[in-house]
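[1] Predicted model and sequence below, questions to follow.
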Amino acid sequence: MEQLNEYIKQHEKRFLNELFELIRIPSVSSLERHRPDMLKAAEYWKQILLEAGATSAAIYETAGHPVVYAEKIVDPLKKTVLVYAHMDVMPVDPLEKWHSNPFEPEIRDGKIWARGANDDKGQSFIHAKAFEWLVKSGSLPCNVKFMVEGEEEIGSPHLGQFCEEHKELLKADVILVSDTGMIARDIPSITSGLRGLAYWEIEVTGPDRDLHSGLFGGAVANPINELCKLISKMTDEHHRITIPGFYEDVVEVSAQERAMLAQNPFDELKYKKAIQVSQLQGEDGFTTTERTGIRPTFDVCGIWGGYTGEGSKTVLPSKAFAKVSTRLVPNQDHEKIAILFKNYFESLAPESVKVNVKVHHGGQGYLCPIDHPAYLAAEKAFYKVYGKNPVPVRSGGSIPIVATFESVLGIKTILMGFGLESDAIHSPNENFLLENFFNGIRCVVQFYHFFSI
């Protein structure tokens, strides 16, 4: 550790300069005008990984943006770690909310401020520099492969196919990812689970055109009224989802893991104050952190219909629409849930309206057992650097590609994140704590050591 600390101290300025060159590339995958920047970012990653010590690196074209692959095989008989990261970033809008140029990184208050400072250029660079130290010091204890994609922020639409086509190339014992966060600056954590997602759009149709609400109201079904009634039937008074078969595959979390999850220092008063609500609400029998981590949910994401312009217009609308989603827990199949909801919702429709449910996108949840050898290695790594065991966290969010890795490649993923909630990822003034960047390098180095024992 002393030698590593000395190396970081000697090369700190270079590390940051190289990271800043990557950040300056506006690799926004969702905007067509930045397609050349995606290739530029890929070329830069190839260069960085070769300079860090990879024996080979290549850029693979896909039907969308490219994927960079690099490797260093020290011994085919030794364990192999596959590092996954993404080079693309979210758009910067609204630009006027930024305090500095989002693609010209600045250091202020001990933080890097820029788009991609955390998500995921800062966090992915942790792995490049940890790998560099291990190679340069002659202490790399296992084989390492890198897969850096350019479409994570648009749902990784082509990475699944890339994995299918390159299964042999991507063979590994574990996948290591830093694209998540820590509970607090001094409380490390490992994301042990991610929720899945199912999403639908609902269309309710009544009369063939908007009608006068005075002449027809009370005699003809109002699609908005009926839509609201149907949605209200999706949960009961205990805030449990009523879709038949919905909980069939839900695996109950053990008392032991619930106790470990409870180590999360959740402050309910602070939580409510931050979002300006007076009371929290959710499924009976579970805490707030359990409701957002280990339990499925149902939410209306948008609802519209009728007249919503300025002033008034007394109409009985012809149509009403809603977009709804469920967050799913590991073992729930989003495709199965998608059909269960569609069939149930449409079956409840009264004959006075027509209901059509369109299935949108979805993704599987993910769970890494906290007794998995790689998880235990990550746990020891955090303890070595922070002096305390990391708290396992079931994230309420979704990273569908992680489940794809497991289904296609058959490999578990360890999510060692170093971001903080205050880092404002996807928002103006994204930032990343320098302390976490350098501690991340230390943790990843230790992970390789403990995983390879």
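    On my side now, so go ahead.

[2] host element of the closest residue to residue 356 other than its chain neighbours?
    Nearest residue to residue 356, sequence neighbours excluded (CB to CB, 6 or more residues apart in numbering): residue 203, at 4.7 Å. In short, each C-beta sits where N, CA and C put it, glycine included. Per DSSP states H and E, residue 203 falls inside strand 196-205.

[3] immediately after that strand, which helix or strand?
    In N-to-C order, the element after strand 196-205 by DSSP H and E is strand 211-212.

[4] mean confidence for that next one?
    Averaged across strand 211-212, the pLDDT comes to 97.

[5] Let me see the backbone angles for the residue most central in space within the chain.
    Compute the mean C-alpha point of the chain, and by CA atoms, centre = their mean the closest residue is residue 399, 3.9 Å away. Note on residue 399: backbone dihedrals following degrees, to the nearest 10 are phi -130, psi 80.

[6] What's the per-residue pLDDT of the nearest residue to it once chain neighbours are set aside here?
    With sequence-adjacent residues excluded and distances taken as CB to CB, 6+ apart, residue 399 is closest to residue 194, at 5.4 Å. Looking at residue 194, its pLDDT is 93.

[7] Could you give the bridge partners of residue 194?
    Residue 194 forms beta bridges with residue 366, residue 395, as assigned by DSSP bridges.

[8] Tell me, how many residues neighbour it?
    29 (other CB atoms under 10 Å).

[9] got it, and residue 289?
    When neighbours are counted by other CB under 10 Å, residue 289 registers 18.

[10] who are the neighbours in contact with it?
    By CB atoms under 8 Å, 6 or more residues apart in numbering, the contact set of residue 289 is 261, 262, 264, 266.

[11] So it belongs to a helix, correct?
    Yes. The assignment for residue 289 is a helix, going by DSSP: H, G, I helix; E, B strand; the rest coil.

[12] What helix or strand is residue 140 located in?
    Going by DSSP H and E, residue 140 is not in any helix or strand.

[13] and the closest residue to it other than its chain neighbours, how many residues sit next to it?
    Nearest non-adjacent residue to residue 140, counting by CB to CB, 6+ apart: residue 134, 4.1 Å away. By other CB under 10 Å, 23 other residues sit near residue 134.

[14] my guess is residue 134 contacts residue 447, does it?
    No. Contact criterion CB atoms under 8 Å: residue 134 and residue 447 do not qualify, at 10.6 Å.

[15] Against residue 407, how distant is residue 223?
    39 Å (CB to CB, to the nearest Å).

[16] Actually, residue 395.
    Separation of residue 395 from residue 407 (CB to CB): 19 Å.

[17] the more surrounded of these two?
    Between residue 395 and residue 407, counting by other CB under 10 Å, residue 395 is the more crowded of the two (20 against 11).

[18] Any idea how far the lowest-mean-pLDDT helix or strand in the chain is from the middle of the chain?
    Ranking every helix and strand in the chain by mean pLDDT, DSSP states H and E puts helix 255-261 at the bottom, with a mean of 86. Put simply, helix 255-261 sits 23 Å off its chain's centre (CA atoms, centre = their mean, to the nearest Å).

[19] Adjust the sequence numbering to begin at 48 for everything that follows.
    Got it, first residue is 48 now, which makes that one helix 302-308.

[20] So what touches it?
    Residues from elsewhere that reach helix 302-308, judged by CB under 8 Å, 6+ apart: 300, 336, 337, 340, 341, 417, 438, 439, 440, 441.

[21] Which of the residues you listed are buried, as a PyMOL select command?
    Only the buried members of the contacts of helix 302-308 end up in this PyMOL selection, burial being decided by 16 or more other CB atoms under 10 Å:
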select buried, resi 300+336+337+340+341+438+439+440+441
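
[22] quick check, nearest of the contacts of helix 302-308 to residue 106?
    residue 440 (34.1 Å; CB to CB).

[23] Apart from its neighbours in sequence, what residue is nearest the closest one?
    residue 236 (4.7 Å).

[24] now do residue 159
    Leaving aside its sequence neighbours, residue 159 sits nearest to residue 479 (CB to CB, 6+ apart; 4.8 Å).

[25] How is this protein divided into domains?
    Per automatic domain parsing, the domain ranges recorded for the chain read 49-241+412-499, 243-297+343-410.

[26] my guess is residue 74 contacts residue 80, does it?
    No. Judged on CB under 8 Å, residue 74 makes no contact with residue 80 at a distance of 11.7 Å.

[27] and the host helix or strand of residue 116, what's its mean pLDDT?
    Element membership for residue 116 (DSSP H and E) is strand 114-119. If you average the pLDDT over strand 114-119, you get 98.

[28] counting contacts, what elements does that strand pack onto?
    Counting contacts by 3 or more CB pairs under 8 Å, 6 or more residues apart in numbering; DSSP states H and E, strand 114-119 is packed against helix 82-99, strand 103-107, strand 190-196.

[29] Neighbouring strands - and their directions - for it?
    Strand 114-119 has its sheet partners listed here by DSSP bridges as strand 103-107 (antiparallel), strand 190-196 (antiparallel).
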